[in-house]
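> the sequence and its predicted three-dimensional model are supplied below.
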Amino acid sequence: MLAPFDLTEVTVAADALHTQRGHVRFLVEEEKAHYLLVVKGNQPGLHRRLRSLPWSDVTARRYDRETGHGRRETRVTRALTVTYLGLDFPHAVQAVRILRHRTDLRTGTVSRQTVCAITDLTSRQASPQRLGQLVRSQRTIENRLHFVRDTTFAEDASKIRTGHGPENMATLRNLAINTLRAAGHRNIAAGLRHVSYQPFTRPLDLLGI
């Protein structure tokens, strides 16, 4: 999907689904782009190595605090150069760890979350503040998409759970959402209703068929 675009010096941020060696080589070696990728359990060895790094000794860090949406959040972003630490991941230069503390202002409940990521950006190219912004921007886009998929398309209630069915349906939902947004529909539910009034023509018109 990214092949037609000029990505020279562009930083591509993505969730753990795209934390793949082939994706990284494509971005850096073919597209001359940069990457920042979240690391989760789908890369167990890499995830384990990132979590075991000496984070408590890291001095390159950034603190952010904000209040909104009924909660107070504190984020601590640490960055560590890993060029010679043998992480065995293509073009990896820095590892990132973000520790989030959230307090529900209504109930007082406190939750904690740790996010790990990896990037080819050097410490001169991206400070802990910049790395935190990149991770947050990726997360904001992901949450926005998942919220629409769940509330408008009832994705979490779907009974399609075998084989490649869930991935295929997620792709179709994303296609519908992005097509409606490209056509100017800011409210996806309203856009779906508009299309449903003429179900044999309006969907095809949106797709240019």
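Done, it's in.

> which residues touch the helix or strand bottoming out on mean pLDDT in the chain?
Least confident helix or strand, the chain: helix 128-151 with a mean of 79, by mean pLDDT, DSSP states H and E. Outside helix 128-151, the residues within contact range by CB atoms under 8 Å, 6 or more residues apart in numbering are 11, 13-15, 36, 38, 60-62, 64, 75, 77-79, 94, 96, 98, 115, 117, 119, 121, 126, 155-156, 170, 173-174, 177, 188-189. To be clear about C-beta, it is placed using only N, CA and C from the backbone, and glycine gets the same treatment.

> quick one, which of these are buried?
Buried positions within the contacts of helix 128-151, assessed by neighbour count (16 or more other CB atoms under 10 Å), are 11, 13-15, 36, 38, 61-62, 64, 75, 77-79, 94, 96, 98, 115, 117, 119, 121, 126, 155, 170, 173, 177, 188.

> now, those that are in strands?
11, 13-14, 36, 38, 61-62, 64, 75, 77-79, 94, 96, 98, 115, 117, 119 (DSSP state E).

> surely Val24 is in contact with Tyr35?
Yes. With contact defined as CB atoms under 8 Å, Val24 counts as touching Tyr35 (5.7 Å).

> neighbour count winner among these two?
Per other CB atoms under 10 Å, whichever of Val24 and Tyr35 has more neighbours is Tyr35, with 27 against 21.

> how close does the more buried one get to Arg48?
20 Å (CB to CB, to the nearest Å).

> now Asp64. Nearest residue, chain neighbours left out?
Nearest non-adjacent residue to Asp64, counting by CB to CB, 6 or more residues apart in numbering: Arg75, 4.6 Å away.

> and that neighbour, what does it touch?
When the contact criterion is CB under 8 Å, 6+ apart, the partners of Arg75 are Arg62, Tyr63, Asp64, Arg65, Ile98, Leu99, Arg100, His101, Gly132.

> for the second one, which residues make a bridge with it?
According to DSSP bridges, the residues that bridge with Tyr63 are Val76.

> how many neighbours does it have?
Tyr63 has 11 neighbouring residues, counting by other CB under 10 Å.

> what's the per-residue pLDDT of it here?
pLDDT, Tyr63: 93.

> my guess is it contacts Val76, does it?
Yes. If you go by CB under 8 Å, Tyr63 and Val76 touch, sitting 5.8 Å apart.

> pLDDT weak spots in this protein?
Residue ranges of the chain with pLDDT under 70: 139-144, 156.

> redo that, cut-off 80
Scanning the chain for pLDDT under 80 picks out the ranges 1, 69, 138-147, 150-151, 155-158, 161.

> and the residue nearest to Asp64, how far from Gln129?
Counting by CB to CB, the gap from Arg75 to Gln129 is 11 Å.
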